[in-house]
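>>> Sharing a sequence plus its predicted fold:
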Amino acid sequence: MHSRVGRLTPLVYKSLPSFINGVRENPPSYKWQLSFFSEEDFLKRNSPNRLVIGWISLEPERKRRGPPTIDPATFLPNPHFEEFLHLCISQNIHLSPDHVRLAAEQKNGWMHVADERNPPSARRIPEPNDIFGTVEIKNGFMIANSYQKMPIHQIVTRHG
């Protein structure tokens, strides 16, 4: 059995070397920072490194202005964000009504926690790179501190 994590706020693209001091400069050949937070939000936060989802490289053949295309070939994930993402999931998965319901239905075993970009057919599991991680279920309840991240989860895939 698997579950889904809900959609978040719109993405913010910034074509700056960095939002503020303390955020590592964009890697070479990567121009765009990708985040759910505005520049104003960055100024209010203590740990801005983990608020950058990743970087998007320049597309040499690009003719239009505006945010670039996001795909696996142009995206470089930020390991600080990925660590923060898994920390948030592990500390809050038990608060999600959908996950509580799915755990009660499953009774025992491991429940996949997946993103929503490529929903599987009914009663099928998502593709491995769409699964954030798994959480252990016993007697219909999620076991505290049992969340394990999926090492091959990808922030960006061909599905989004």
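Cool, the structure landed. Nothing here was measured: the structure is a model prediction, and the numbers come from that model.

>>> Just the residues contacting stretch 137-152, thanks.
Under the contact criterion C-beta atoms under 8 Å, 6 or more residues apart in numbering, stretch 137-152 has outside partners 86, 89-90, 93-94, 99-100, 103-111, 113, 128-129, 131-136. (Glycine included, C-beta is placed from N, CA and C.)

>>> roughly how far is it from the heart of the chain?
With C-alpha atoms, centre = their mean, to the nearest Å as the basis, the distance from the averaged C-alpha position of stretch 137-152 to the chain average is 18 Å.

>>> gap between the two ends of that stretch?
The distance separating the two terminal residues of stretch 137-152, taken as C-alpha to C-alpha, to the nearest Å, comes to 22 Å.

>>> For that stretch, buried residues please.
By 16 or more other C-beta atoms under 10 Å, the buried positions in stretch 137-152 come out as 137, 142, 146-147, 149-150.

>>> Out of those, the closest to Pro79 would be?
Using C-beta to C-beta, Lys149 is the member of the buried residues of stretch 137-152 that lies nearest Pro79, at 12.0 Å.

>>> ok so, going back, please indicate which of the contacts of stretch 137-152 are buried?
With neighbours counted using 16+ other C-beta under 10 Å, the contacts of stretch 137-152 contain these buried positions: 86, 89-90, 93, 99-100, 103, 106, 111, 113, 129, 131-136.

>>> for the chain, what spans make up the strands?
2-4, 12-14, 30-35, 52-57, 75-77, 109-114, 131-138, 141-142, 148-149 (DSSP state E).
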